[in-house]
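S.K.: model this:
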Amino acid sequence: MEHNIWSFKTAIRNGCSPRLYRYDPKQIPLGEFEAVLDFKTWSKRIIAINCYFTKRDTGERFVVTVYCHYQTGKYVAPGSTVDFSGCAINAVYRIGVYKNDKGKIVLSKAELINPVSNNNPAY
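M.R.: Numbering: from 1, shown residues only. Next up, the predicted model:
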């Protein structure tokens, strides 16, 4: 799959609204659930990808950062096979979101549930 990650400015130019997504760790939903990956942007300060998700059952919008694994160069959650540098957007994923010991949000799991298709919208 081709790389489909935008800069923050390009995302806005392409009609995305990052400001509608929660960044505050106190407001990001925790646990395992299905969510649509709406779009992705490169992080400005670190080697990472910001993933903009919408939780399917509630419509909550939030951002989770996926870091580059220093040994493999892949952007994957621990124990997952989804590489966020090339995975599909507008697709449904089963993700695990938790807080670590420092209170930071961590994507602990990611599995593609429903690929994108014209006959099967993600929402």
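S.K.: Looking at the protein, which strand is longest?
M.R.: strand 31-42 (DSSP state E).
S.K.: Show me what it is in contact with.
M.R.: Contacts to strand 31-42, defined as C-beta atoms under 8 Å, 6 or more residues apart in numbering, come from residues 4-8, 11, 14, 16, 18, 48-57, 61, 84, 87-98, 109, 113, 122-123. Heads up, the C-betas are built off the backbone N, CA and C, glycines and all.
S.K.: Ile105 touches Ile28, doesn't it?
M.R.: Yes: counting by C-beta atoms under 8 Å, Ile105 touches Ile28, with 5.4 Å between them.
S.K.: circling back to that earlier point, from the contacts of strand 31-42, which land in helices?
M.R.: In this view, these that belong to helices under DSSP state H are Phe8, Ala11.
S.K.: ok so, going back, shared neighbours, Ile105 and Ile28?
M.R.: Contacts common to Ile105 and Ile28, judged by C-beta under 8 Å, 6+ apart, are Val64, Val97.
S.K.: So, low pLDDT: which residues of the protein?
M.R.: Applying pLDDT under 70 to the chain flags the ranges 1-3, 116-123.
S.K.: now do 80
M.R.: 1-3, 79, 115-123 (pLDDT under 80).
S.K.: which residue ranges form the strands in it?
M.R.: Counting by DSSP E, the strands of the chain are 31-42, 48-55, 61-67, 91-99, 105-114.
S.K.: Reformat these as a markdown table; add distance to Tyr23 and mean neighbour count.
M.R.: Putting the strands of the chain into a markdown table (distance: least, C-beta to C-beta, whole Å; neighbours: other C-beta atoms under 10 Å) gives the following:
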| stretch | distance to Tyr23 | mean neighbour count |
| --- | --- | --- |
| strand 31-42 | 12 | 19 |
| strand 48-55 | 9 | 21 |
| strand 61-67 | 5 | 20 |
| strand 91-99 | 13 | 19 |
| strand 105-114 | 9 | 18 |
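S.K.: how about those strands, which one is nearest Ala77?
M.R.: strand 105-114 (4.5 Å; C-beta to C-beta).
S.K.: Now tell me what touches that closest one from outside.
M.R.: Residues contacting strand 105-114 (C-beta under 8 Å, 6+ apart): 25, 28, 32, 34, 51, 64-66, 76-82, 84, 87-88, 91-100, 120, 122.
S.K.: Good, we can wrap up now.
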